[in-house]
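Chemist: Need coordinates for the below:
(one chain, ligands or ions: 1)
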Amino acid sequence: METAAFENPLREGLRLERTPESCIVVIFGASGDLTKRKLVPSLYSLAGQNLLPSGFSIVGTARTAMTHEEFRSRMKDAINQFSDAGSDPDIWENFAAGMLYHPTNIKDRESFKTLRDLLCQINQQRGTSGNWLFYLSTPPALYAPITQMLGAVGLNRSHGWTRIIIEKPFGRDLESMRALNKKVLDVFAEDQVYRIDHYLGKETVQNIMVLRFSNGIFEPLWNRRYIDHVQITAAESLGIENRGGYYEQAGTLRDMIQNHLFQVFALVAMEPPASLRPNAVRDEKIKVMEAIRPISVEEIDQFAVRGQYRAGSVNGNPMKAYRQEEDVSPDSRTETYTAVKLLVDNWRWADVPFYLRSGKRMPKRVTEVAVQFRRAPHLLFKDGGASQPNSLILRIQPDEGITLKFDAKLPGPTVNVRTVNMDFRYGTSFGKKSPQAYERLLLDAMLGDSTLFARGDLLEVSWQLLMPILEAWHKPVDHLPHYEGGSWGPRESDEF
Ligand code: BG6
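Modeler: Numbering: from 1, shown residues only. Prediction:
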C-alpha cells in the first residue's frame, strides 16, 4: 500500500533514511538552554520518526544534582514547549526509558569515573555496544577540561565507536582555536571530532549543493562571466536575548561570520566535489576558502564595516540600545552588525565580490543568498522601463525557497518591461515543514557522517582570514558606527 509520503509527487522516490547503530548520547550542559530548546526536542523528533535505534539512550550531565526522574520531567516540559509536535505518550514512554542523569564536576575526576561506570552499565542493559556520542553544550571554557577528563578516564575510546560533538564558538581567535584544537586532538582523533555549525543542518543550506550540482542549467552560469556579485545576508530582528556576557566577548564577526556565513559562502563558491564523501566535500570548501584574498590591517575599511545598535523600534515595539542590555558595558565597542567584502582569487571568481553581512535588531529576520547576474549586454527594451539585472535569491529562512527574478513584458499594446519572480517554496512544493537543523546533525553524527561538520583546517583558514579585522577593530577608535535598532545597519554600510 502506498504511504502518505507518496501522495505528493515531489516527495516520491526520496531516499530511505538510515538508522544509526544503537548508542548513548551523553550531553554535557544538560541543564542549559540548548539542551532543552534544541537537543532533546530534536532527538525526540527523531524518535517520533523511528530514526533512533532500539536501546538508544540519553545521559544528561551537568554540575547540578538532579535525579533521573527530575531530569526526565524537565525534558518532558522542554519537549512540550519546544518540539513542533509536543510529546506523545507512546513515543515519550519509550524515549524516557533510556533517559538518565548523572552529575559531573570538572574538578572531580571521580565523577567522570562514575559516568564511565554508568555508560558501561547502560551498554549491558540496553545493548548499546560501546557506542558513545558526547555532546559538549557547555560554556566554551569547559571544552578543553571536559575533553581532557574524558581522556583521563578512558572515555575517548571504547569497544564500539566514540565521537564528540563540540558546539561553537570553537576558539575566539586563531591562537585560541589552535590551542583548543590541539587539546581536543590530544585526546580524540580528527575523525572522532564533530565541530557543529547548525547552519549546515538547515535544509535550505544543504540545498545549495543540490541546486548547483543536481541541475544542468545553473553551473554553466556560476562564474565571473555571468555573475556580477553575490550577497550573503543573515539579518535578525532579535537582539542579544540575555546573552550579554557571551556576546560582549564575541560580536557579529565571531558569532555569525566566522562560522555560519563562511560555511554558506563555501557552499556557494566551491568547485564541484568529485563525490559526496565527507572529505571530498570538505576539501573543496577549504580550497575556495584558501583562495580568498587576505585583507591587511591597513585596508580594513575597504573590506569590513561594523556597527552597534542604538535604541530604536522593531515592528513598532521600542527596543533598548545594545549598551543598555544586561551584562553589556555602557561604553561597549562590540559590534552587533558586520559586513565584509571578500574577493576570491581563482579562475571562477576573479573580480566577483562576495558581500557577507549579518546584524542584530534589523527590521526583520531574513537569511538569504542573492546571486546577482550581469546585465544583458545590449538593452533592446531600455525605453520600456528600468530593466533590472537578473538575480537568483536562495531564501535560507524564513519563507524557505528560491526566487529567480527576470524581466517580462507588461501585458498591453506597448512594450513595457517589469521585473517578475519565478518562485519555488518549500512549504507548497513539499507540503511539510523542514526538520530542525539539529535533528539532521545529531543523526549524521550518530551515523558517523561528518560531511556537515567543520573540519579543523577550515576553522584554521577562517580565523586566519579574520585576524586582521579583529586586530584592527581591537584598536581604540574615536568613532564607532551606530545604527538605529530596527534599521538595516550603519550608514557606512550603504557606502561600502
Ligand atoms: C547562533 C548565534 O549561532 O546563531 C546567535 O550565536 C544567532 O547569535 C543564531 O542568533 C542564529 O541562528 P538561526 O538558526 O536563528 O539563524
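Chemist: Would you mind giving the secondary structure of residue 133?
Modeler: strand (DSSP: H, G, I helix; E, B strand; the rest coil).
Chemist: Ok, residue 175 next?
Modeler: helix.
Chemist: what about it, how many neighbours?
Modeler: As a burial measure, residue 175 scores 11 neighbours (other CB atoms under 10 Å). Quick note: C-beta positions are derived from backbone N, CA and C, even for glycine.
Chemist: Mind pulling the model confidence for it?
Modeler: Residue-level confidence at residue 175 comes out at 97, pLDDT.
Chemist: where are the low-confidence patches of the stretch 1-150 of the chain?
Modeler: 1-17 (pLDDT under 70).
Chemist: In the stretch 301-450 of the chain, what residue comes closest to the ligand?
Modeler: Nearest residue of the stretch 301-450 of the chain to the ligand: residue 367, at 5.8 Å (CB to the nearest ligand atom).
Chemist: so what's that residue scoring on pLDDT?
Modeler: Reading off the confidence values, residue 367 has pLDDT 98.
Chemist: Could you check which helix or strand contains it?
Modeler: Residue 367 belongs to strand 366-373 when assigned by DSSP states H and E.
Chemist: who does that strand touch, helix- and strand-wise?
Modeler: Applying 3 or more CB pairs under 8 Å, 6 or more residues apart in numbering; DSSP states H and E, we find strand 366-373 packed against strand 227-235, helix 262-269, strand 391-397.
Chemist: Identify, out of the ones you listed, the most deeply packed stretch.
Modeler: helix 262-269 (a mean of 24; mean count of other CB atoms under 10 Å).
Chemist: about what we covered before: the residue of the stretch 301-450 of the chain closest to the ligand: how many residues sit nearby?
Modeler: 24.
Chemist: and the stretch 251-400 of the chain, which residues reach the ligand?
Modeler: 255, 367 (CB under 6 Å from any ligand atom).
Chemist: would you list every one of the helices in the stretch 251-400 of the chain?
Modeler: Assigned by DSSP state H, counting those that start in this stretch, the helices in the stretch 251-400 of the chain fall at 252, 262-269, 278-290, 300-303.
Chemist: returning to that earlier point: could you list everything the residue of the stretch 301-450 of the chain closest to the ligand pairs with in the sheet?
Modeler: Per DSSP bridges, the residues bridged to residue 367 are residue 234, residue 397.
Chemist: number of nearby residues for residue 105?
Modeler: 13.
Chemist: sec struct for it, please.
Modeler: Residue 105 ends up coil, using three-state DSSP.
Chemist: In this structure it contacts residue 111, no?
Modeler: Yes - counting by CB atoms under 8 Å, residue 105 touches residue 111, with 5.0 Å between them.
Chemist: picking that back up, residue 322 is nearest to which of the helices of the stretch 251-400 of the chain?
Modeler: helix 252 (11.0 Å; CB to CB).
Chemist: packing partners for that closest one?
Modeler: Using 3+ CB pairs under 8 Å, 6+ apart, helix 252 is in contact with no helix or strand.
Chemist: Can you tell me what sits against that helix?
Modeler: Helix 252 has contacts (CB atoms under 8 Å, 6 or more residues apart in numbering) with 306, 335, 336, 337, 338, 358, 359, 360.
Chemist: ok, now which ones touch residue 462?
Modeler: So, once contact is read as CB under 8 Å, 6+ apart, residue 462 ends up touching 258, 259, 262, 289.
Chemist: Assumed it was part of a helix.
Modeler: Yes - counting by three-state DSSP, residue 462 is found in a helix.
Chemist: and the residue of the chain found nearest the ligand, how many neighbours does it have?
Modeler: Of all residues in the chain, residue 255 sits closest to the ligand, at 4.8 Å by CB to the nearest ligand atom. By other CB under 10 Å, the residues close to residue 255 number 23.
Chemist: so can I have a markdown table of the helices and strands packed on strand 366-373 showing mean pLDDT?
Modeler: A markdown table is the format used below for those (pLDDT from 0 to 100):
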| stretch | mean pLDDT |
| --- | --- |
| strand 227-235 | 98 |
| helix 262-269 | 98 |
| strand 391-397 | 97 |
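Chemist: which one of these lies closest to residue 204?
Modeler: strand 391-397 (4.5 Å).
Chemist: before we move on, back to that, reformat the helices of the stretch 251-400 of the chain as a markdown table; add distance to residue 409.
Modeler: Listed next are the helices of the stretch 251-400 of the chain as a markdown table, based on distance: least, CB to CB, whole Å:
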| stretch | distance to residue 409 |
| --- | --- |
| helix 252 | 43 |
| helix 262-269 | 31 |
| helix 278-290 | 39 |
| helix 300-303 | 41 |
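Chemist: of all those helices, which lies closest to residue 82?
Modeler: Closest approach to residue 82 among the helices of the stretch 251-400 of the chain is made by helix 262-269 (24.3 Å; CB to CB).
Chemist: Figure out how far that closest one is from the centre of its chain.
Modeler: 12 Å (CA atoms, centre = their mean, to the nearest Å).
Chemist: Then stretch 262-277?
Modeler: Worked out by CA atoms, centre = their mean, stretch 262-277 lies 15 Å from the chain centre.
Chemist: Below-threshold pLDDT in the stretch 301-450 of the chain: ranges please.
Modeler: Across the stretch 301-450 of the chain (using pLDDT under 70), the flagged ranges come out as 386.
Chemist: how about the strands in it?
Modeler: 304-314, 317-319, 337-342, 354-359, 366-373, 391-397, 401-410, 416-425 (DSSP state E, counting those that start in this stretch).
Chemist: on contacts alone, who are the packing partners of the third one?
Modeler: By that I understand strand 337-342. Using 3+ CB pairs under 8 Å, 6+ apart, strand 337-342 sits against helix 300-303, strand 304-314, strand 354-359.
Chemist: Residues in contact with that strand: which ones?
Modeler: 251-253, 256-257, 265, 292-293, 302-309, 353-360, 469, 483, 489-490, 493, 496.
Chemist: what distance separates the start and the end of stretch 445-465?
Modeler: Across stretch 445-465, the terminal residues are separated by 28 Å (CA to CA, to the nearest Å).
Chemist: Name the residues of that stretch that are buried.
Modeler: 445-446, 448-463, 465 (16 or more other CB atoms under 10 Å).
Chemist: tell me the contacts of the closest residue to residue 247 other than its chain neighbours?
Modeler: Spatial nearest neighbour of residue 247, excluding adjacent residues (CB to CB, 6 or more residues apart in numbering): residue 240 at 4.5 Å. Taking CB under 8 Å, 6+ apart as the contact definition, residue 240 lies against 247, 322, 325, 328, 336, 360.
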